[in-house]
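**Q** One predicted model, sequence on top.
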Number of protein chains: 2
Amino acid sequence: MIIGIPKETCPGECRVGLVPQNVSALVKKGRSVMIERGAGLAAGHSDDAYAAAGATLADRSAVFEQADIIVQVQTPGLNLKTGDSDLAELPSNKILVGMMDPLANPEFAQTLAAKQVTGVAMELIPRITRAQAMDVLSSNAMIVGYKAVLIGASELASMFPMNMTAAGTLNPARVFIMGVGVAGLQACATAKRLGAVVEAYDVRPAAREQILSVGAKPVELNIQAEDTESAGGYAKEQSAEFIKAQQAAMADVLAQQDVVITTAAVPGKKSPILVTAEMVKSMKPGAVIIDLAAEKGGNCELTQLGEVVIENGVKIIGPNNLASTVATHASQMYGKNIENLLNHLITEDGKLNLDFEDEIIRETVVSINGDVPHPRMRDLLGLP
Amino acid sequence: MIIGIPKETCPGECRVGLVPQNVSALVKKGRSVMIERGAGLAAGHSDDAYAAAGATLADRSAVFEQADIIVQVQTPGLNLKTGDSDLAELPSNKILVGMMDPLANPEFAQTLAAKQVTGVAMELIPRITRAQAMDVLSSNAMIVGYKAVLIGASELASMFPMNMTAAGTLNPARVFIMGVGVAGLQACATAKRLGAVVEAYDVRPAAREQILSVGAKPVELNIQAEDTESAGGYAKEQSAEFIKAQQAAMADVLAQQDVVITTAAVPGKKSPILVTAEMVKSMKPGAVIIDLAAEKGGNCELTQLGEVVIENGVKIIGPNNLASTVATHASQMYGKNIENLLNHLITEDGKLNLDFEDEIIRETVVSINGDVPHPRMRDLLGLP
């Protein structure tokens, strides 16, 4: 069973599917790993390091031809920039493992099915305890939450911590986190570490304890919450009425902040607008918004993906592929997530074992034997 | 006694000479403050805020003509880009207060003297207890040390803190601070806050306690230190032999680091090279050097002011006017430093009092009555 790692092709993507540490572990289990020359360089891993770990270095075409399982960070389902050319290189009858934005781009599963490729979508790893070590979305979210705070601190014209100096007291920055999943909690913890006064809000009542646990203060809005948590632990999509009431109460909170980090994502859907253009007007000039939902339309009405918008002196930043800017740690986690999944897919004696009785397999395999078996994806595709 | 604040003209300079808080305090003491429209905007202060504090808003030419004391952040002595046009606007018989790089550019004092302008150089505020509240270099250094860590953290492809995740343990970053004056100590404290493993080095043995006090680990080099601390509390210039021995021992330390921040400045001189091109070769690919001495030639041999140089995978960053990127807090401190100095220069009943028996006056006035009275500057200028 040969595992192949082509170099990522999406512009700006610095991550890699496996790091040398994962290669050694897989080789020790009897797997073969073939990696395209230079694939790990941008993540800090030389070809020599991969060779020393037991990988075979190869040309891109050899990786696609000879590997049984192709591992990418961004498969063509997610990579809309250069994915088509990747797809053209992918032979039939392979297994493709990686991120493929399956709920927003379910058509990609059909494309794979038509090509007789088995697609395994890492975004669909179920949020159950035994799959935690394969959960790429949590890995990404941790990095993204950390990096958002660094962007906020770098862009703000004040320092985060309070400082008592000979030239007077410098007030600490006020940082507000909207949505406290993994990214939001990591943002709270990082902003707190840096010395800011940190508040946070989430529609899920259970978030209160989590906010307190990282040293931040939960913001309470006096509005009636609906049923807010879905089975997977994600925040559920809310009704229009609820969102309107939430926005009104939120405007006052936003007016006091120096840095606002928004993290509200609903899997497969456009992100909810939490910060309207009107609310931005009430914010302090010099305030900074980092919209972590920018890739999914944004939580702020004014966000432009990959750009910095300045409106009434408020900077609105819509970062693109933030995880890639922390490529070494991001690849370490991604590689470990992949290694764990591969060990789940492949038996001790090296056979592929796609047992659909198993929840992890059932939830992540989006195409197999020319078909899309995944009920949720069939639903999105309008298939019976 | 009218105090005038023109808008800064140096490209990228966002600070302002006084903030509204300083204006109220000065007005309460009976001073008049005249400020150029828009002067505080980039630092987060509107014209309305200045007017509410009691300042008169005016055109640039009116500020220069009517004020008795002109306060700038960058006077033409420091501002080599647009300083000449500022100088052309400055009438004779004024008092000019601000930063003017007096030890590197002593000729500027002669220019002011020829113009019958009294120059007060903020960089020369003596490091004595009663002048601490006027010490702009300490104020700047604090900001610059903080910001250097944010740059390092943002540029590094790993996170600073250790993280125990479901996908394995992420090692903390190793950060090394060279030179622990105010900037270096602030860098230590900030990197420590963010969760890095922080080590620091300074030629002054007294620095050991200071390094420990901010939670960092002092690095010891087994070389004989010379007399290392000058009267002003700055590190003294070292001999060539000492620097060579220091460099040899340092190479091994540098090879282990992810982020290196260098802060060694000798007032009025080119900065010492602490990190040679050879040492950079021994560093890890992906490591980041932030050279805070870039404006004075740099502590790293490869530094280019205002640029990012990449050599063997090591990023060498030479920031320019970092304090201006934190313009709100930087202006708050600068304004307070200036307010304190003005209160020292001006008597309760509003008369100028330049008493040369006073150390603060003697050390900071670089030109008066058509002459350069300052002994150290006369020495640099070759005057008897």
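**A** Here it is on my side, so go on.
**Q** list the helices and strands the helix or strand that A:Leu342 is a member of packs on?
**A** For A:Leu342, the element it lies in under DSSP states H and E is helix A:327-345. On a contact count with 3 or more C-beta pairs under 8 Å, 6 or more residues apart in numbering or on different chains; DSSP states H and E, helix A:327-345 meets helix A:20-28, strand A:69-74, strand A:95-99, helix A:136-155, helix A:359-364, strand B:168-170. The C-beta positions use only the backbone N, C-alpha and C, and glycine is treated the same way.
**Q** touching chain A at all, the last one?
**A** Yes - shown here: strand B:168-170 in contact with chain A (C-beta under 8 Å from any C-beta of the partner chain) through B:168, B:170.
**Q** Tell me the helix or strand right after that strand.
**A** strand B:174-178.
**Q** same thing with the fourth one?
**A** Following helix A:136-155 in sequence order, the next helix or strand is strand A:163-165 (DSSP H and E).
**Q** chain center to that next one, what's the gap?
**A** Relative to its parent chain, strand A:163-165 has a centroid offset of 38 Å by C-alpha atoms, centre = their mean, to the nearest Å.
**Q** got it, and stretch A:25-44?
**A** Counting by C-alpha atoms, centre = their mean, stretch A:25-44 is centred 22 Å from the centre of its parent chain.
**Q** got it, and stretch A:58-68?
**A** In terms of C-alpha atoms, centre = their mean, the centre of stretch A:58-68 is set 27 Å apart from its chain centre.
**Q** Name the residues of it that come out as buried.
**A** A:58, A:60, A:63-64, A:67-68 (16 or more other C-beta atoms under 10 Å in any protein chain shown).
**Q** taking the mean pLDDT, what do you get for it?
**A** The average pLDDT for stretch A:58-68 rounds to 98.
**Q** what does stretch A:156-174 give?
**A** On average, stretch A:156-174 scores 96.
**Q** Next to chain B, which bits of the stretch 1-150 of chain A? Give me the list.
**A** A:14, A:43-44, A:46, A:132-133, A:135, A:138-139, A:142-143, A:146-147, A:150.
**Q** what about burial for the residues you listed, which qualify?
**A** For the residues of the stretch 1-150 of chain A next to chain B, a neighbour count by 16+ other C-beta under 10 Å gives the buried set as A:14, A:43-44, A:132-133, A:135, A:138-139, A:142-143, A:146-147, A:150.
**Q** For A:Tyr201, list each beta-bridge partner.
**A** Applying DSSP bridges to A:Tyr201 gives these bridge partners: A:Met178.
**Q** just checking, it touches A:Leu254?
**A** No - between A:Tyr201 and A:Leu254 there is no contact under C-beta atoms under 8 Å: 10.2 Å.
**Q** Need the contact partners of the helix or strand of chain A with the lowest mean pLDDT.
**A** Lowest by mean pLDDT, DSSP states H and E among the helices and strands of chain A is helix A:240-254, with a mean of 84. Residues outside helix A:240-254 that contact it (C-beta atoms under 8 Å, 6 or more residues apart in numbering or on different chains): A:176, A:178, A:199, A:201, A:203, A:219, A:221-226, A:238, A:260, A:272-276, A:278-279, A:282-283.
**Q** For the stretch 251-384 of chain A, which residues are neighbours of chain B?
**A** A:285-286, A:325-329, A:332-334, A:336-337, A:340.
**Q** Tell me where the stretch 201-350 of chain A is predicted with low confidence.
**A** Residue ranges of the stretch 201-350 of chain A with pLDDT under 70: A:224-236.
**Q** need the strands for it, in chain order.
**A** Ranges of strands in the stretch 201-350 of chain A, per DSSP state E, counting those that start in this stretch, are A:217-218, A:259-262, A:288-291, A:308-311, A:314-317.
**Q** Just put those in JSON lines and tack on mean neighbour count and distance to A:Ala121.
**A** Shown next, in JSON lines, are the strands of the stretch 201-350 of chain A (neighbours: other C-beta atoms under 10 Å in any protein chain shown; distance: least, C-beta to C-beta, whole Å):
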{"stretch": "strand A:217-218", "mean neighbour count": "15", "distance to A:Ala121": "34"}
{"stretch": "strand A:259-262", "mean neighbour count": "29", "distance to A:Ala121": "25"}
{"stretch": "strand A:288-291", "mean neighbour count": "28", "distance to A:Ala121": "25"}
{"stretch": "strand A:308-311", "mean neighbour count": "14", "distance to A:Ala121": "32"}
{"stretch": "strand A:314-317", "mean neighbour count": "23", "distance to A:Ala121": "29"}
